[in-house]
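In: Starting from these lines, generate the structure:
(chains A and B)
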Amino acid sequence: MTASGWLQIALLLVVLTGITPLLGGYIHRVFAGERVLLARVLGPVERRSSALLAGSEPAGQDWRGYAGSVLMFSAVSWLALYLVLRTQSIQPLNPQGFGSAPWDLSFNAASSFVSNTGWQFFGGERTLSNFSQMTGIAVQGFLSGAVGIAAGIAIARGFANRTSKELGNFWVDLIRALLYVLLPLSIVGSAFLVSQGAIQTLASDVHLSTLAGGTQTLALGPAASQKAVMLLGSDGGGFYAVNSAMPFEDPTGLANFVEMVMMLAIPAALTATYGRIVGSRRQGWVLYAVMVVMFLGGAAVAYPAESRPSPAMRAAGVHGLNMEGKDQRLQVSDSVLEAVAGTTTGNGSTNAALDSFTGLGGSIPMADIMTGEVIFGAVGSGLYGMLLMVLLAVFVAGLMVGRTPEYLGKRVEAREIKLVTIGAIAVPLIVLFMTAWAISARYGLRSIFNAGPQGFSETLYAYTSQANNNGSAFAGYVGFLQPHAPGNAGASGVPFADLAGGVAILVGRFLPMLAALAVAGSLSGKRTIAAGAGTMRTDTVVFAVLLLATITIVALLTFVPSLMLGPLVQALTPRLF
Amino acid sequence: MLRQLRSSVVAVIVLSVLLGLAYPLAMTGLAQVLWPHQANGSRVEADGRLVGSTLIGQDFRGMTRYFQSRPSASADDPAATQASNLGPNSAALARQLHARLAAFLRRERPYDPDLTAAAVPADAVTASGSGVDPDISMADAAIQAHRVAAVRALPLATVMHLIAEHTDGLSGGLFGPVSVNVLALNLALDAVRSR
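Out: Okay, the predicted model is just below:
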């Protein structure tokens, strides 16, 4: 641990807190249809695109209509990506002659990127052509992020609506999220990353002989443009197998800092957008404060944990920091901070091998995801996930004092709470079910790399990450076998891991989203009642503490037993396995 | 329903062209004009020959006149990036670390008799996250300097000076710790010899 390491954590939060109201206010103006500066250039494009997709007079949709559009658009996106992956061998820009991906791997990958997950059973540099990366993977970085933002905004509108049942028009929101938020930020972000050393070229492999006389192949490609949107839009996939550890994606300490800001910016800003939509900025700041406290808590545990040698290092007589799986330019401080940033947001982009983190250090990214991706979370889905937890907290408080719970002046009734419960327990249920299945079946054990409790941790992490649409991994867990052969000839998927993961991803994305849309539809237009003396305020520190406790207790009750079996048992013993 | 399907298909096609072709191609054009060196992989040449990228580590094992890179789980192959993914309580990892520590001491102790196992920094014996870590720590470089200076018959001060020149001190350690670029340092050493 160093002073500069802690200083960097502090600086990250200062920058983020500065960005939140600015970007959040901007996003609010964009979705309220106000004229923003960029509209002078992009206004005509926006109007023509909206007209093309939603007609010249886009009608407002109720929650069912909005959800229908989301599902249809995502289904078509899924099919498009699946087809790109399956037909790679006949596409252009494929000088390495990569073959098409196996069907099961394609199912997993298409589900992953369309659902804003970014989980990768494959290493892009060995399996995907530049064409597949650009038109398949990177496109979904934009589209899945925009779907998330649109859904988040629509749900916030539902919470705010006093009379109307309309949540907005999906197509209009989608275009605005892309044109005014993700695209301009990606252009600026990728330009900055290139200036730091990230690559951006259409060339593929460059063969050279090294200074020591060996051979090396630089696998190049349009990495920066893809990286930028993967960070901003929460998808989080890497151009390379090791994601941000690869210097071509994350070349310097400064680039790494900016990449963390890019990951956190939109999920954090959406809390401010939410405050503006519901007409009380304090409501937004309460959500932001809870997120920051949980973020800091994770960093404060993981940073010291990784600053000590692991049991394997101790046994070998190696002193110092746990540098296994970490790059020197990033070291422990940047590796841990990025791991926390990548798992509290639904991004999943990491720059170190989480599989080699210490027991305690590795339990933090896992626990971050297990909160249901509501500490910042992915773009949009973090916001609506948090709103479900808010309703749960309000409900719990209501039970304690025996009053009908209210939120924003609206009664929270049985229908809403049923939906909240579905949204809140569906994902933990599928995580635990898939993990249990995977460790009790022969075909599930095939994917495990490490012996002992770490093998269980890998499995638990895999389904936690996929079902919560995070995408980071204990990367020893395999779903794809890649022999040493030209192109990806002879490669094959591990069907159980690919299919179980893909199903977990799809359920984890769309079930909570539908539940949240339904809650928003139910609250939308509900009669508001004036706050009385007995009304519990939801814009206070007391409520923030209650919300924090609710999130923590729900996650703890669900996952502590399984955490004990994996990472925590390793934190408690010096034994080697 | 049909209308939604039509909109979805149109949207996916139009947006794939805009975001999957126009955007990355425009960014490639911009990057190639503004930052061609970085955009093409920060390549370095020696004697007019391409010898690598300063962002990608290389294997110098067995060549005592060069500074050695960190251990790699991918044999320093940037076309197949990989970390070891061995867990914190892995017996296999402990065996690897034990062997690497012994090898490090065998290599450096003849030139630095006071070197103890406790003084060997962890980054010198652990495998990196990328498999192609281009950097080593200052502590590792300071130990290896004894060997490199002796093998090349250079004053230790000259080697230490070169290390300082190839240290990333730009951000003063705030945005990542100070580290030494191995390929750039080794190229600089070769330039000294030929001077």
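
In: which one's the longest helix in chain B?
Out: Longest helix in chain B by number of residues, with DSSP state H as the criterion: helix B:91-108.

In: now for that one, which elements pack on it?
Out: If contacts are counted by 3 or more C-beta pairs under 8 Å, 6 or more residues apart in numbering or on different chains; DSSP states H and E, helix B:91-108 sits against helix A:311-316, helix B:138-152. Bear in mind the C-beta positions are built from the backbone N, C-alpha and C, glycine included.

In: Tell me where the model's unsure across the chain.
Out: This is for chain A. For chain A, applying pLDDT under 70 flags the ranges A:485-486.

In: look at chain B instead
Out: Applying pLDDT under 70 to chain B flags residues B:169-177, B:193-195.

In: all helices for it, in order.
Out: For chain B, applying DSSP H gives helices covering B:2-17, B:23-34, B:36-39, B:91-108, B:138-152, B:156-165, B:182-194.

In: For residue A:264, which of those helices is the nearest?
Out: helix B:23-34 (22.6 Å; C-beta to C-beta).

In: Tell me which residues of that closest one come out buried.
Out: For helix B:23-34, the neighbour count (16 or more other C-beta atoms under 10 Å in any protein chain shown) marks B:23, B:24, B:27, B:28, B:30, B:31 as buried.

In: now for that helix, which elements pack on it?
Out: helix A:183-196, helix A:223-232, helix B:36-39.

In: Dump those helices to TSV, plus distance to residue A:442.
Out: Shown next, in TSV, are those (distance: least, C-beta to C-beta, whole Å):
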stretch	distance to residue A:442
helix A:183-196	43
helix A:223-232	35
helix B:36-39	47
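
In: Quickly compare those helices and say which is most buried.
Out: Most buried of these, by mean neighbour count (mean count of other C-beta atoms under 10 Å in any protein chain shown): helix A:223-232, with a mean of 32.

In: Centre of the chain to that helix, how far?
Out: Relative to the centre of its chain, helix A:223-232 is centred 14 Å away, using C-alpha atoms, centre = their mean, to the nearest Å.

In: same question, stretch A:451-458
Out: That offset, for stretch A:451-458, works out to 24 Å (C-alpha atoms, centre = their mean).

In: Over to stretch A:394-412?
Out: So, by C-alpha atoms, centre = their mean, the centroid of stretch A:394-412 is 30 Å from its chain's centroid.

In: repeat for stretch A:165-179
Out: Distance, stretch centre to chain centre, for stretch A:165-179: 21 Å (C-alpha atoms, centre = their mean).

In: Please apply the same query to stretch B:48-63.
Out: In terms of C-alpha atoms, centre = their mean, the gap separating the centre of stretch B:48-63 from the centre of its chain is 9 Å.

In: Residues in contact with it: which ones?
Out: A:197, A:206, A:208-212, A:214, A:216, A:218, A:247-248, A:251, B:41-45, B:66-70, B:72, B:75-76, B:78, B:128, B:130, B:132-135, B:181-184, B:186-187 (C-beta atoms under 8 Å, 6 or more residues apart in numbering or on different chains).

In: tell me, how many neighbours does residue 168 end up with?
Out: This is for chain A. Close neighbours of residue A:168, defined as other C-beta atoms under 10 Å in any protein chain shown, add up to 22.

In: nope, chain B
Out: The local packing of residue B:168 (other C-beta under 10 Å) involves 19 other residues.

In: Does it touch residue B:182 like I think?
Out: No: in this structure residue B:168 lies outside contact range of residue B:182 using C-beta atoms under 8 Å: 11.9 Å.

In: one step back: please identify the most buried of the helices of chain B.
Out: Of the helices of chain B, helix B:138-152 is the most buried (mean count of other C-beta under 10 Å), at a mean of 20.

In: Would you point out which residue is most central in the chain?
Out: In the absence of a named chain, this looks at chain A. Centroid-nearest residue in chain A: residue A:346, 1.8 Å away (criterion: C-alpha atoms, centre = their mean).

In: ah, I was thinking of chain B
Out: In chain B, the centroid-proximal residue (C-alpha atoms, centre = their mean) is residue B:134; its distance is 1.0 Å.

In: Burial check on the nearest residue to it once chain neighbours are set aside, number of neighbours?
Out: In space, and not counting its chain neighbours, residue B:134 is closest to residue B:57: 4.6 Å by C-beta to C-beta, 6 or more residues apart in numbering or on different chains. Residue B:57 is flanked by 29 other residues according to other C-beta under 10 Å.

In: Could you check how far residue B:57 is from residue B:166?
Out: Separation of residue B:57 from residue B:166 (C-beta to C-beta, to the nearest Å): 14 Å.

In: do the same with residue A:269
Out: From residue A:269 to residue B:166 the distance is 39 Å (C-beta to C-beta).

In: buried stuff in stretch A:52-65?
Out: For stretch A:52-65, by 16+ other C-beta under 10 Å, it's A:53, A:54, A:58, A:61, A:62, A:63, A:65.

In: More neighbours: which of residue A:269 and residue B:166?
Out: Using other C-beta under 10 Å, the more surrounded residue of residue A:269 and residue B:166 is residue A:269, with 26 against 21.

In: Can you verify my assumption that that one contacts residue A:28?
Out: No: here residue A:269 lies out of contact with residue A:28, judged by C-beta under 8 Å, at a distance of 9.3 Å.

In: Which other helices and strands does the helix or strand where residue A:511 lies contact?
Out: Assigned by DSSP states H and E, residue A:511 belongs to helix A:495-523. Applying 3+ C-beta pairs under 8 Å, 6+ apart, one finds that helix A:495-523 contacts helix A:63-86, helix A:103-114, helix A:139-160, helix A:381-401, helix A:414-440, helix A:442-445, helix A:453-467.

In: how about those in TSV, adding distance to residue A:18?
Out: As requested, the helices and strands packed on helix A:495-523 are exported to TSV (distance: least, C-beta to C-beta, whole Å):
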stretch	distance to residue A:18
helix A:63-86	32
helix A:103-114	31
helix A:139-160	21
helix A:381-401	19
helix A:414-440	32
helix A:442-445	46
helix A:453-467	30
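
In: Can I get those in a markdown table including distance to chain B?
Out: As requested, those are exported to a markdown table (distance: least, C-beta to the nearest C-beta, whole Å):
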| stretch | distance to chain B |
| --- | --- |
| helix A:63-86 | 4 |
| helix A:103-114 | 10 |
| helix A:139-160 | 4 |
| helix A:381-401 | 20 |
| helix A:414-440 | 16 |
| helix A:442-445 | 16 |
| helix A:453-467 | 3 |
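
In: of these, which approaches residue A:273 most closely?
Out: Nearest of those to residue A:273, taken as C-beta to C-beta: helix A:139-160 at 7.2 Å.

In: how about the closest one as PDB, C-alpha atoms only?
Out: Written as PDB, here are the backbone C-alpha positions of helix A:139-160 (Å, rounded to 0.1, in the frame of the first residue of the first chain):
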ATOM      1  CA  VAL A 139     -21.500  -2.700 -32.500                       C
ATOM      2  CA  GLN A 140     -23.100  -4.500 -29.600                       C
ATOM      3  CA  GLY A 141     -21.000  -2.400 -27.200                       C
ATOM      4  CA  PHE A 142     -23.000   0.500 -28.500                       C
ATOM      5  CA  LEU A 143     -26.400  -1.100 -28.900                       C
ATOM      6  CA  SER A 144     -26.600  -3.000 -25.600                       C
ATOM      7  CA  GLY A 145     -25.400   0.100 -23.800                       C
ATOM      8  CA  ALA A 146     -28.000   2.300 -25.500                       C
ATOM      9  CA  VAL A 147     -30.700  -0.200 -24.700                       C
ATOM     10  CA  GLY A 148     -29.600  -0.100 -21.000                       C
ATOM     11  CA  ILE A 149     -29.600   3.700 -20.900                       C
ATOM     12  CA  ALA A 150     -33.000   3.900 -22.700                       C
ATOM     13  CA  ALA A 151     -34.600   1.400 -20.300                       C
ATOM     14  CA  GLY A 152     -33.100   3.200 -17.300                       C
ATOM     15  CA  ILE A 153     -34.500   6.500 -18.500                       C
ATOM     16  CA  ALA A 154     -37.900   5.000 -19.300                       C
ATOM     17  CA  ILE A 155     -38.100   3.400 -15.800                       C
ATOM     18  CA  ALA A 156     -37.200   6.700 -14.200                       C
ATOM     19  CA  ARG A 157     -39.900   8.500 -16.100                       C
ATOM     20  CA  GLY A 158     -42.400   5.900 -14.900                       C
ATOM     21  CA  PHE A 159     -41.400   6.600 -11.300                       C
ATOM     22  CA  ALA A 160     -41.900  10.300 -11.900                       C
END
